[in-house]
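Colleague: Mind folding the following:
(2 chains)
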Amino acid sequence: MEKQPIVFCKGGGCTAKLGPGALAHVLEKLPPFQDPNLLIGFDHSDDAAVYKLTDDIAMVQTLDFFPPMVEDPYLFGQIAAANALSDIYAMGGTVKTALNIVCFPKQMDLNILGQILQGGAEKVREAGGILAGGHSIADTDVKYGLSVTGIIDPKKVLANNACQPGDYLLLTKPLGVGIVCTASRVGEASQEALDAAIQSMTTLNKYACEALAPFAPHACTDVTGFGLLGHLNEMLNDKHGAILHWNALPHIPQAAAYADEFLLTAAAQRNRNHLNDKVSFTDTPFAMEEILFDPQTSGGLLVSIAPEHAQNALAAVQALGLPCGIIGQVTTEHPGIIQVMP
Amino acid sequence: MQHHVDARGKQCPIPVVETKKVLAIMNTGDSVVVSVDNPIAVQNLLKMASQKHLAAQTETLAPDHYHVILALTEDSLSATQAQSETLCIPDARQNTVVVLSSDEMGSGDSVLGKALMKAFVYALTEQDQLLSTILLYNGGAKLSIEGAATLADLQLLESQGVEVLTCGTCLNHYGIADQLAVGSVTNMYAIAEKLMQAGKVVRP
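Modeller: Predicted coordinates:
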């Protein structure tokens, strides 16, 4: 039999997630666990678990891993680690320990694995955490990520669904990294666009989390595989509505052009199918619709913040240097529905 | 002439990318048959067809084999060229919205009601004056799914630029959300808005 060449990057990152519909179907059949110390678990559709140990300390646990979305193994390691660490920051926590999760083909050059792990370790160090071990499996494709444990004051846990009507919605990183990586995979992305995506994906959400803490956000989540609309939908929790202004969305400019060339992922279409009766678009260009559904790898924090703090909070995040913006508002009207307009 | 693209086993966006290459060398009257192995790839191809004003048809050959047939017609060329002009002239369709709230037309005999509904949707395709939007809700949601007798005519209307919107809650209620085969899913907010803004609402 002819030996298949091993392809490092087949279109990974958070585009490789199972669809939200398929997942909800399976998860709702699991028996619920009851423990008064479990502050955040499955029922919040949060990506991390928060377990109270004492009145002052709770443990935050999360894990995330996926196939490569860029060709450079070292950058892939950085991105996968930044993405996994992000869940701790979305809760408002501090990173303590991390363990590697590795799937790697037996026939592949081990130096590649070395570069992946080096990139990951550097991000754990930057996060102020300790890389304490890991687990490796021989597999047909490369996958990498981290299991991360952090701590948080139980009284200061940032739930992903505690937004309040009138809140402004702030996004701390540009959208469109999924589209740019997809375009890159078929050789149609410019180096400039790819560089912007990599800079965004390798940036730890630690800095945005710290910059926003003084403004007491009501709710926070990180934008990953379900796209901005998917994660905003979870934040609204069918209790509140939201208005988004598409012309206020921070995004990688080339992503809109690539969307108009239909360089779109299956994951984005699954997100669209999942949310179709939750979103209404008014005078919104096709490309911006796609950017709103685009699965993000190591995306930014989406924060719901009281109107009086919004401008100062935005200034604090802008100082970090990535494109960011106030993109809309939480409403009491049309609960569970996101209205997108100019 | 008819072109062929076999994009089975290829992940999005490869099916779209390979189809675009063929579209670029197609002449008016040509069509391309794209083979894909999953319904999401079908939807991504239809999304492109709708943006590019191509006539589109789909066929399910097997659960892992679908055909998307895209045709470059005079209409699709003129639609692309006239796009900016049509924005400036009053819409000849006068924003007519057709509401199909049942899979039967009228009440009495169920078999007759279904036959009448099929005939009504066919008759819509023959009207000189095109409508803007078809809203399908409650039992009407069964008209836009795979295997529905009305599917081909709804697809024809959609290819002519008619917006076909099916209520998502209704699809979920009947457990047929994964069988929607024409147009897109909508919500009550959009349905209310379409009805409020309609110049004329037709309910058979």
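
Colleague: what about the strands in the stretch 151-300 of chain A?
Modeller: A:168-171, A:219-222, A:241-245, A:279-281 (DSSP state E, counting those that start in this stretch).

Colleague: Out of those strands, which is the most enclosed?
Modeller: strand A:219-222 (a mean of 27; mean count of other Cβ atoms under 10 Å in any protein chain shown). Where C-beta positions appear, they are placed from N, C-alpha and C, glycine not excepted.

Colleague: can you list the residues that contact that strand?
Modeller: By Cβ atoms under 8 Å, 6 or more residues apart in numbering or on different chains, the residues outside strand A:219-222 that reach it are A:46-47, A:86-87, A:89-92, A:158-163, A:167, A:205, A:209, A:212, A:231, A:234-235, A:299-304.

Colleague: Which single residue of chain B ends up nearest chain A?
Modeller: residue B:168 (3.1 Å; Cβ to the nearest Cβ).

Colleague: Give me the pLDDT value at that residue.
Modeller: You'll see residue B:168 listed with a pLDDT of 89.

Colleague: Then residue A:19?
Modeller: For residue A:19, pLDDT reads 67.

Colleague: And for the one 10 residues further on?
Modeller: At residue A:29, the pLDDT value in this model is 81.

Colleague: picking up where we left off before, got the strands of the stretch 151-300 of chain A as JSON lines, with mean pLDDT columns?
Modeller: Listed next are the strands of the stretch 151-300 of chain A as JSON lines, based on pLDDT from 0 to 100:
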{"stretch": "strand A:168-171", "mean pLDDT": "97"}
{"stretch": "strand A:219-222", "mean pLDDT": "94"}
{"stretch": "strand A:241-245", "mean pLDDT": "96"}
{"stretch": "strand A:279-281", "mean pLDDT": "96"}
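
Colleague: Can you tell me which residues in chain A are near chain B?
Modeller: A:10-11, A:182, A:186, A:188, A:260-266, A:269-270, A:273, A:276-280, A:286, A:334, A:337, A:339 (Cβ under 8 Å from any Cβ of the partner chain).

Colleague: again, only this time at 6 Å
Modeller: For chain A, the residues in contact with chain B (Cβ under 6 Å from any Cβ of the partner chain) are A:11, A:182, A:186, A:262-266, A:269, A:276-277, A:280, A:286, A:334, A:337.

Colleague: give me the low-pLDDT residue ranges for chain B?
Modeller: B:77-94 (pLDDT under 70).

Colleague: Could you tell me how many residues sit around residue 53?
Modeller: Here I'm looking at chain A. When neighbours are counted by other Cβ atoms under 10 Å in any protein chain shown, residue A:53 registers 11.

Colleague: that's the other chain; I wanted chain B
Modeller: Residue B:53: 21 neighbours (other Cβ under 10 Å).

Colleague: which stretch of helix or strand covers it?
Modeller: Using DSSP states H and E, residue B:53 sits within no helix or strand.

Colleague: I'd say it and residue B:75 touch.
Modeller: No - counting by Cβ atoms under 6 Å, residue B:75 is not a contact partner of residue B:53; they are 7.3 Å apart.

Colleague: Let me know the distance separating the residue nearest the centre of chain A from residue A:311.
Modeller: In chain A, the residue lying closest to the centroid (Cα atoms, centre = their mean) is residue A:224, at 2.6 Å. As judged by Cβ to Cβ, to the nearest Å, residue A:224 and residue A:311 stand 27 Å apart.

Colleague: where exactly do the helices run in chain A?
Modeller: A:20-27, A:73-91, A:110-126, A:177-185, A:191-202, A:206-212, A:227-236, A:253-260, A:266-275, A:286-293, A:307-318 (DSSP state H).

Colleague: for chain B, that is, sorry about that
Modeller: Going by DSSP H, chain B shows helices at B:14-24, B:39-51, B:74-86, B:110-125, B:151-159, B:168-173, B:188-197.
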